[in-house]
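[1] Using only what follows, build the 3D model:
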Amino acid sequence: MKQVTLFSDGSALGNPGPGGYGTILKFGDSERIVSGAEPHTTNNRMELLAVIEGLKALKEPCEVSVVSDSSYVVKAINEWLDGWIKRDFKRVKNIDLWQAYIEASRTHKVSATWVRGHNGHIENTRCDEIARACAEQCKKRLNAKF
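    Here you go, the predicted structure:
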C-alpha cells in the first residue's frame, strides 16, 4: 500500500462567508495540489473538505497521513468519529461532510497529525496560502455579481 502524506488547510472569510481549501498530496518526490472554494461556508467545513477532496483525488487505496492545523479535523478522525457513528451523528455538526469523509476514506488507512498553524511548517503555510487565495477569489466573484 502506497504511503501518502495529505497536507490540508481551510479558510473562511467571515466564518460563515466565502471559503476555500488547499490540499497538497505527497508521494515520494511527486506532489499534487487540490483546491476549491464555496460561496457561503465556515472554516471547519473548509478544513474538512480539504481532507475529503484530497482523499477523493487518490486513484488507489493508500496509507494516508493527514497533516492539519485543525484540531477539529484531527481529533474527529483519530478520536471522535467512531463514537459519532455509533450514536448516528446525534448533536454533530457538518454531518453531510463527515459522511462524505467516511465514503472518501473507506478504501484508505487514514491517520491524522495536528501541527500548529502559522508556525513555519512549510506545507501548512502553502496550504493556508492556497486556501486563502481560493476564498479571496470566491469573494471577488461574489462581489462582482452585486
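[2] For Cys127, the count of nearby residues, please.
    Applying other C-beta atoms under 10 Å, we find 29 residues neighbouring Cys127. Any C-beta I mention is one placed from the backbone N, CA and C, and that applies to glycine too.
[3] Please apply the same query to Val67.
    With other C-beta under 10 Å as criterion, Val67 counts 21.
[4] the longest helix in the chain is where?
    For the chain, the helix with the greatest residue count under DSSP state H is helix 122-144.
[5] which element is Gln99 on?
    If you go by DSSP states H and E, Gln99 is part of helix 95-105.
[6] In contact with the residue nearest to the spatial centre of the chain, which residues?
    Compute the mean C-alpha point of the chain, and by C-alpha atoms, centre = their mean the closest residue is Ala50, 2.4 Å away. By C-beta atoms under 8 Å, 6 or more residues apart in numbering, the contact list for Ala50 reads 8-10, 21-23, 34, 68, 127, 131.
[7] before we move on, what about Pro61?
    Counting by C-beta under 8 Å, 6+ apart, Pro61 has contacts 1, 107-109.
[8] Relative to Ser30, how far out is it?
    Going from Pro61 to Ser30 by C-beta to C-beta, to the nearest Å gives 17 Å.
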